[in-house]
Structure formats: C-alpha cells, structure tokens
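Chemist: build me a model from this:
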Amino acid sequence: MQSRTQHDPEIADTELGILRDVFRMLPNGVTVQDEQGRFLLVNDAAARQLGITVDEPAAPHSTDLAHRRETGLELLRAGRPAVVEEPVTNAAGKQVLLTTHRPVRIANRNLLLSSSVDISEQKAHEKQLFRSAYYDELTDLPSRRVIEHHANSLLQRTETHARFALAFLDIDNFKHINDYYGHATGDALLVEFAKRVGLALRASDMLSRISGDEFVLLLDPIQNEHEVAEYIDFTLQRLKAPFFIDGSEIFASTSIGVSLYPDHGHSFDLLCQNADIAMYCVKNDGKGAAAFFDAGMEREALARMKVEQSLRLSILEKRFCCAFQAKVDIRTQDIKGIEALVRLRDDEGVIQAPGTFINLAVELGLIDELTRLVLAEIVKSIDLINETFGAETSISINVAAKQAGNPEFMRSFALALEATGYPQRFMIEVTEDAFVAKTHFQDEILPIFRKLGVGISIDDFGIGYSSLSALADITADEIKIDRSFITDIHKRPRSQGILRAIESLSEALGMTVIAEGIESFEELAYLQAATKIRYAQGYYFSRPIFLEELKPPVRILSHARASTASRPLQENRSVYPRNRYRR
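Modeler: The predicted structure is shown next:
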C-alpha cells in the first residue's frame, strides 16, 4: 500500500519544507559533511557557532571551520564516531562546543553527521572550581597541593644527582601591619609581595602561598648551597625596599628558612618541616634574615615542643602564681597601686619569669586562659592584698594586644571583673599597639570598661608602632614609660628630651605618667629633680613579691615614709632586698 505522499507531490513538498525548517531551527548545531570535506547541510545554530552562512556552507570561511573539516575527513576515513571539545571564536566571543561526530551511510554515500552543544558556561565553572581548588584566589599562586605534587614528581626522578631547594618565607609582624593599616592593605601587601618574590623565577621554579602570610618557594634545578644562598640573599635585599600601597609606605621584612634535597630530607613533608624549623629559628634570632636547616635546629624545635607541652600542662594543672610589684609615689613614698605579674612554677618548683612563656602562650592561643587564672588568683587573695597594700590600692592586670583586639574575650573578661564586686579597683595594662591598630578596642571595648570604672594603662610606651601624636586619640588613664627610656636617664640627654616630651603631652591629655624599671638612686634622683613625674615602679623600691611572702602585719614603706619627711632620700634604700626575679 502506498502512502499519500507518493500519490500527492504537493503534500510531499510541504512535509519536506517542514523537515527543512525543523532542521534549521534545532537548538544544537548540526552539520552534514561528505567525503570531500564539503558541508552539505548546516543549520542556523551551527552557522552561528562556526561563523558561516547557511546558504553557502561549502567554503571554509574560518580557522574553526577548517579544523572541523579536517577532523571530519579523518573520522570518515577511519569510519569511527567521536566526541570532542572544540574551542571556537565567533560573534559571541570565545566558546567551547561539545561535538558528537557520527559516520553514516545514506543513499550510497558516506557522510559525517555532527551535532554540537555550547558548553562554555560549564567549562568556565569547571575552570573556576579548578582554580579555587589549586590556586590561591588572592595572589593567583599555586596552592600547597600543587607545589606538593610538583615536588613529589621531582622526588621520583631517576637522575641520581638531581637537587632542588625548598624555602619557607614568612612576612615578619604581618599581624601588626594588618591591624594597623587594615585587612585590605594587608591583602594588597600579600599580592605585591608575591609579585616581587616571583620577579626572577625561572620557568622550572615555583612559588606557592600556603596560608596567611606564608609562602613556599621551590627552586629547581640547583647546583649547590652557595647558589641558593646567593639567590635567597638577592630576594631578601629586594624585599627590604618599601611597598607603596594606597598612599602608605610599608616596610615588611621577611624571614626565610631553606632545606635542600637530598641533604635535608627525601620527602616533601620532611623538607617542608625542616625549612619551617629553619624559618622559626630566624624569627627567634631577630627576623629579617635567612637560614639553612641543620641538625641543631631540629634539637631546638624538639625543645620548643617540650616547652609547649609543659605550658599546656601547667595551665591545665593551674601551676601559675602571681607576684605583685608596687607603683610608688616618688615624692611621698605612698603606694599608688600594684601590678600583678604572672609566674610559672615548673616541675621542680622553680619560678619561671614570664619572658620564658608569655609570647609562647600568645602564639598558642593560651593567653586568655592564663589571664583568667591571674584574675582568679587575685580574687582568692584579695583580703591579704588589702591588708598588705591597702584597700584603696589599684590592681593592674596585663592584657596582650592580641587579646585587646578580640571583642569576644574582652567582653567576657569585663564580665569577670564586674563579677568580683569591685571592678573599679582594677587597671587594665595594654601596649600601645592595641590603641593604634585598627581593631575593635578603642571604639567597642574601651567604653565597656569605662562604664565599669576599670582604669586603662598604656604599658611599655615608646617601643611599639605608635608616635607621640598617637596619644591625642588615646583615652587612657595612665601611661607607663618603658624602662629603655629610664635606664641611666641621668646620663642620656636625648632620652631626657624624649621623656620631657612624653611627660608634657601626657599632662596635657590628663594621663598619669609612671616611670618603669627604676633600679638606681641616680635614676630616681633625676626624676625627682628634673621632672614632674610622681609615680614609678622598679627594683629600687620593691622586687615583685609572692603571696606567701605577704604577712598582714607588714606595712609596705610605712617606716620609709616616716623617715623621708625628716631627711633626704638615701642611696640604695630599697624596701625589699633585690633578687633574681625581674619583670
């Protein structure tokens, strides 16, 4: 039985027209190619993708079309299908097509039927995912995963004399820079730092950002340690030049630790560990330099780990105690206040000064718990403190700059002070960094303590990142001039000038000045004769004393005040004998 179309040519022509229109309007690009490479059929989508005209598809008008033609001829000759990705450039820009080629035989002719779909968005998304997984978003440097893979491939080389170097680079005091200038400037610094380090790298070298301000540099190949030392020194010199960011001139020194393969390890992890150890040795020795790993550094790292473990255990077991040092009125010998100084009793019961553990506690994130232990010790002993120093005496507690910039801790600490029932007795001592850095302390934290009546003291003034002009924006009650300005003040005219400037500005701003670290009669005599400073603290008056040494009948400086009224101050007349404990 024959169909209607065979009897009715008009119907056949109509259906053929419909099929032709459907073919042209298909959303995917479709082409039909013969064995001579001619494009017999091209629909509208394929024409847009390949940049050709539907009515004249035979001539290759573009490189992309010529590539499609050659690919088609190869597949027709081989008689096999294929699925390929094709990058093309057309009026819409650069695109990626996923094309399915299928050889077919129609009317005794070998033809290639090709269908293409635009996957540009998918490829862009895949590329974005790849870069986020393997490249640092800020600096566009390879991630740790990439440099580790590259190093492992080098470790698998068969050449017996192959050598490479791995260097850890860390920007010194980056947190201070971030806090002072803001995170946007800190990020810009990281970008410029990466560009500067990467200036002289070879194609075979690799620079990676592995975290915050830490970078890893892989140098391959190398001949010897001397060659690496020369390059690292060259890099250090280049990094000493200031960075100009958003109108600010920023100096950012760098500490670098270097390990060599195979001298310092046969695995990526060990080489990284040893380069990291060398870098931290540089930081402990003063920063801004470079060092190659050696076995002695490993011993130091193990010793540091032992100290870390001991510190954590000491906090867990509450093996800390407080020593108290008086702040004395140098005119009347009255005690203005006391400062609580934390001390550690080690396993043998020996008292350790804070210099051996405070910085480590800050670094390890243990300083908050340590500060809470100090407050608990004060509250437990408040009756003895009152009987010894007087119930009106202020009590100072040191708070690290990192803590001062942490709103969560400072709010909880304010609540703890309020819970004592006498928050107005307390004075919080923070370094000037807490005020001048762009943190929450000045705007958010300070008002909370002001409302409670807690005093604010600037500790170790003059050795941080601020200047005298910074005092104009600081609302503190007390400023403690660092001992470095007081030592032998009677012999140092330049320090005397600085002292007078600080004194005058502090007086104008209504802040009490305290001279730290008075240890000699000459220092005290100069302050009494040449300045208006009323208060001081130091071994000349009193060493830090422990609670077990505090006996209620003792009245600090009581007999000294009685004798002062009738005779001049005598040299070396200290209330407490000196000993080895220094703040």
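Chemist: ramachandran coordinates for the closest residue to residue 390 other than its chain neighbours?
Modeler: Leaving aside its sequence neighbours, residue 390 sits nearest to residue 335 (CB to CB, 6 or more residues apart in numbering; 6.6 Å). Glycine gets a C-beta too; all of them are placed from N, C-alpha and C. Here is the backbone geometry of residue 335 (degrees, to the nearest 10): phi -90, psi 120.
Chemist: partners of the top strand by length along the chain, with directions?
Modeler: The residue-count maximum for a strand in the chain (DSSP state E) belongs to strand 93-106. Sheet pairing of strand 93-106 (DSSP bridges) gives strand 82-90 (antiparallel), strand 109-118 (antiparallel).
Chemist: so where is the chain shaky, pLDDT-wise?
Modeler: Along the chain, the model assigns pLDDT under 70 to residues 1-9, 12-13, 54-62, 158, 160, 347-350, 436-439, 462-473, 550-583.
Chemist: for it, what's the longest helix?
Modeler: helix 295-316 (DSSP state H).
Chemist: CA-only coordinates of that one in PDB, if you can.
Modeler: Provided in PDB are the C-alpha atoms of helix 295-316 (Å, rounded to 0.1, in the frame of the first residue of the first chain):
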ATOM      1  CA  ALA A 295      70.500  19.200  62.900                       C
ATOM      2  CA  GLY A 296      71.000  21.700  65.700                       C
ATOM      3  CA  MET A 297      67.700  23.400  64.700                       C
ATOM      4  CA  GLU A 298      65.900  20.200  65.000                       C
ATOM      5  CA  ARG A 299      67.000  19.800  68.600                       C
ATOM      6  CA  GLU A 300      65.800  23.400  69.300                       C
ATOM      7  CA  ALA A 301      62.500  22.600  67.700                       C
ATOM      8  CA  LEU A 302      62.100  19.500  69.900                       C
ATOM      9  CA  ALA A 303      63.000  21.600  73.000                       C
ATOM     10  CA  ARG A 304      60.400  24.100  71.900                       C
ATOM     11  CA  MET A 305      57.800  21.400  71.600                       C
ATOM     12  CA  LYS A 306      58.700  20.200  75.100                       C
ATOM     13  CA  VAL A 307      58.100  23.700  76.400                       C
ATOM     14  CA  GLU A 308      54.800  23.900  74.600                       C
ATOM     15  CA  GLN A 309      53.600  20.700  76.100                       C
ATOM     16  CA  SER A 310      54.800  21.800  79.600                       C
ATOM     17  CA  LEU A 311      52.900  25.100  79.200                       C
ATOM     18  CA  ARG A 312      49.700  23.400  78.200                       C
ATOM     19  CA  LEU A 313      50.000  21.000  81.200                       C
ATOM     20  CA  SER A 314      50.900  23.900  83.600                       C
ATOM     21  CA  ILE A 315      47.700  25.700  82.600                       C
ATOM     22  CA  LEU A 316      45.700  22.600  82.900                       C
END
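Chemist: what's it in contact with?
Modeler: 274, 277-278, 280-281, 291, 320, 344-347, 356-357, 360-361, 364, 366, 369-370, 373 (CB atoms under 8 Å, 6 or more residues apart in numbering).
Chemist: which other helices and strands does whichever helix or strand comes after it contact?
Modeler: Sequence-wise, the next helix or strand beyond helix 295-316 is strand 320-329, with elements assigned using DSSP states H and E. Contacts defined by 3 or more CB pairs under 8 Å, 6 or more residues apart in numbering; DSSP states H and E place strand 320-329 against strand 335-345, helix 367-380, helix 382-389, strand 535-537, strand 545-546.
Chemist: repeat that with 10 Å
Modeler: strand 335-345, strand 351-352, helix 367-380, helix 382-389, strand 394-398, strand 512-516, strand 535-537, strand 545-546 (3 or more CB pairs under 10 Å, 6 or more residues apart in numbering; DSSP states H and E).
Chemist: list only buried entries from the contacts of helix 295-316.
Modeler: 274, 277-278, 280-281, 291, 320, 344, 357, 361, 366, 370, 373 (16 or more other CB atoms under 10 Å).
Chemist: wait, residue 454 sits on residue 429?
Modeler: No - Residue 454 lies out of contact with residue 429 (CB atoms under 10 Å); the separation is 11.2 Å.
Chemist: comparing those two, which shows the higher neighbour count?
Modeler: Set residue 454 next to residue 429 and count neighbours by other CB atoms under 10 Å: residue 454 wins out with 22 against 19.
Chemist: give me phi/psi at the more buried one?
Modeler: With angles defined as degrees, to the nearest 10, residue 454 sits at phi -80, psi 130.
Chemist: and for residue 217?
Modeler: Backbone torsions for residue 217, taken as degrees, to the nearest 10, come to phi -120, psi 130.
Chemist: before we move on, what about residue 541?
Modeler: Main-chain dihedrals, residue 541, degrees, to the nearest 10: phi -90, psi -50.
Chemist: do the same with the one 3 residues further on
Modeler: When read as degrees, to the nearest 10, the backbone of residue 544 gives phi -60, psi 130.
Chemist: gap between it and residue 420?
Modeler: Applying CB to CB, to the nearest Å, the value for residue 544 to residue 420 is 22 Å.
Chemist: for the two, work out which one has more neighbours and name it.
Modeler: A direct count of neighbours by other CB under 10 Å for residue 544 and residue 420 places residue 544 higher, at 23 against 15.
Chemist: contact partners for residue 426?
Modeler: Contacts for residue 426 (CB atoms under 10 Å, 6 or more residues apart in numbering) come out as 337, 340, 375, 378, 394-397, 417-418, 420, 449, 452-455.
Chemist: meant to ask about residue 534, not that
Modeler: 328-332, 334, 336, 512-515, 527-528.
Chemist: re the thing from before, give the buried residues for the longest strand of the chain.
Modeler: Buried residues in strand 93-106 (16+ other CB under 10 Å): 95, 96, 97, 98, 99, 101, 103.
Chemist: CSV for these, including distance to residue 123?
Modeler: Putting the buried residues of strand 93-106 into CSV (distance: CB to CB, whole Å) gives the following:
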residue, distance to residue 123
95, 9
96, 5
97, 10
98, 9
99, 14
101, 19
103, 27
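Chemist: looking at the residues you listed, spot the one nearest residue 71.
Modeler: Of all the buried residues of strand 93-106, residue 71 sits closest to residue 101, with 7.1 Å by CB to CB.
Chemist: that closest one: what's it in contact with?
Modeler: With CB under 10 Å, 6+ apart, residue 101 has these contacts: 31, 33, 68, 71-72, 74-76, 80-84, 112-116.
Chemist: at 7 Å what do you get?
Modeler: 72, 75, 81, 82, 112, 114 (CB atoms under 7 Å, 6 or more residues apart in numbering).
Chemist: filter the residues you listed to the buried ones?
Modeler: Neighbour-count burial (16+ other CB under 10 Å) applied to these gives 72, 75, 82, 112, 114.
Chemist: re earlier: from the buried residues of strand 93-106, pick the one nearest residue 224.
Modeler: Of all the buried residues of strand 93-106, residue 224 sits closest to residue 96, with 46.8 Å by CB to CB.
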